[in-house]
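Undergrad: Just a sequence and a predicted model for now, questions to come.
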Amino acid sequence: MASPIKVVVTGAAGQIAYSLLYQIASGSVFGPDQPVVLHLLDIAPMMGVLEGVVMELADCALPLLAGVLPTANPEEAFKDVAAPFLVGAMPRRKGMERKDLLSANVRIFKEQGQALDKVARKDVKVLVVGNPANTNALICSKYAPSIPKENFTAMTRLDQNRAQAQLAAKLGVPVQDVKNVIIWGNHSSTQFPDPSNALVKIGGVEKPVPAAINDDEFLKSTFVSTVQKRGAAVIAARKMSSALSAAKAASDHMRDWFLGSGDRWVSMGVVSDGSYGTPRDTVFSFPVTTSNGKWKIVEGLTISDFARTMLDATGKELDEEKRDALEVCK
Ligand SMILES: NC(=O)c1ccc[n+]([C@@H]2O[C@H](COP(=O)([O-])OP(=O)(O)OC[C@H]3O[C@@H](n4cnc5c(N)ncnc54)[C@H](O)[C@@H]3O)[C@@H](O)[C@H]2O)c1
Ligand SMILES: O=C(O)C[C@H](O)C(=O)O
């Protein structure tokens, strides 16, 4: 058995963490042979609730759970961690856009970037889930200059999973038979869920999704807006933001980053190098492949005029969010 790795979940007393902690501690993220020590960070008033979470983790009797550290101190939480899931932040309510959370949440990611810079391993792999996730990840990276910026990512995997599920339902196939749908840009209503390179297996044969669906109007409008607005639809129905599916997506993201994405593309918000004409120095979601703990943007894709307009719109929003976030952090 390998020696345990330290994994931190922030917002550990919240609703996403409630699903996520079990997935991490049961081996679904880092593999069935990798023990974990869980660091649980939340704010001081939530320590009582967190105590209950700690009790429940113990009561799960999980063989891979090698230790649990609940704390309200970011430096204690981030000490020597390999994998931070930065979930802790305010969720939006009905009628809000995710960027409306910026002024409330971005300071959390400044403070946590500073703490990571001070005490985390330099090869730490950071996943930001708290909204607005892309810009929070950018700010976290900026305040942790001793850690490579490639190590900071934002979660758009939930959007990818939503897109894959929509296409599979339309085609009447199991969800795993659809692959390579892309989420470009921001985890917001300007994101571009792009099915143009997606593949579907039908009768054992792989075909392009656009040809299999053969309905351009559906792919350019209904499909795109359903995925863009899915988070809001869940909030309208549940009166709380998505949590079960968000925790599953966070697990998928980190698992693929650590263990590899195989023959599938996955979407991750990463610091843009300007690929595909996107704004540098924003955290932009791209199709990537992952192996040996590193991600690589899929190169050489054709960008149609429609896609160009969509990429430019979401890039513009990210540039604006960055400007606002830097102002808040001054
Ligand atoms: N990227 C995505 O796809 C995605 C999906 C779903 C939700 N989210 C976002 O994830 C975040 C968390 O959602 P939730 O439903 O778990 O919210 P929640 O309100 O249930 O839990 C958030 C927790 O974070 C804690 N917290 C607040 N400030 C903190 C700080 N400085 N340090 C540590 N913990 C802190 C709170 O006390 C609370 O326990 C929200 O911003 C939500 O919008 C993102
Ligand atoms: O939409 C939200 O505010 C929550 C989350 O980002 C989601 O996509 O479900």
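TA: All right, it came through fine. Ligands and ions are numbered 1, 2, ... in the order given.
Undergrad: so where do the helices sit in the stretch 1-150 of the chain?
TA: Ranges of helices in the stretch 1-150 of the chain, per DSSP state H, counting those that start in this stretch, are 15-25, 47-59, 74-78, 102-119, 133-142.
Undergrad: most packed of those?
TA: Scoring the helices of the stretch 1-150 of the chain by mean neighbour count under mean count of other Cβ atoms under 10 Å gives helix 133-142 as the most buried, with a mean of 29. All C-beta atoms are positioned from the backbone trio N, CA, C, and that covers glycine.
Undergrad: does any part of that one sit near ligand 2?
TA: No: shown here: helix 133-142 not in contact with ligand 2 (Cβ under 6 Å from any ligand atom), separated by at least 7.1 Å.
Undergrad: Work out the gap between that helix and the centre of the chain.
TA: 12 Å (Cα atoms, centre = their mean, to the nearest Å).
Undergrad: Need the helices of the stretch 1-150 of the chain in CSV (columns: mean pLDDT).
TA: Below are these laid out as CSV (pLDDT from 0 to 100):
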stretch, mean pLDDT
helix 15-25, 98
helix 47-59, 98
helix 74-78, 98
helix 102-119, 96
helix 133-142, 98
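Undergrad: With distance to residue 190 added, can I get those helices in CSV?
TA: Output for these, formatted as CSV (distance: least, Cβ to Cβ, whole Å):
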stretch, distance to residue 190
helix 15-25, 23
helix 47-59, 35
helix 74-78, 31
helix 102-119, 14
helix 133-142, 11
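Undergrad: Next up, identify which helix or strand the residue in the stretch 201-330 of the chain that ligand 1 sits nearest to is on.
TA: Nearest residue of the stretch 201-330 of the chain to ligand 1, counting by Cβ to the nearest ligand atom: residue 246, 3.5 Å away. Assigned by DSSP states H and E, residue 246 belongs to helix 244-259.
Undergrad: picking up where we left off before, just put the helices of the stretch 1-150 of the chain in a markdown table and tack on distance to ligand 1.
TA: A markdown table is the format used below for the helices of the stretch 1-150 of the chain (distance: least, Cβ to the nearest ligand atom, whole Å):
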| stretch | distance to ligand 1 |
| --- | --- |
| helix 15-25 | 3 |
| helix 47-59 | 7 |
| helix 74-78 | 7 |
| helix 102-119 | 4 |
| helix 133-142 | 4 |
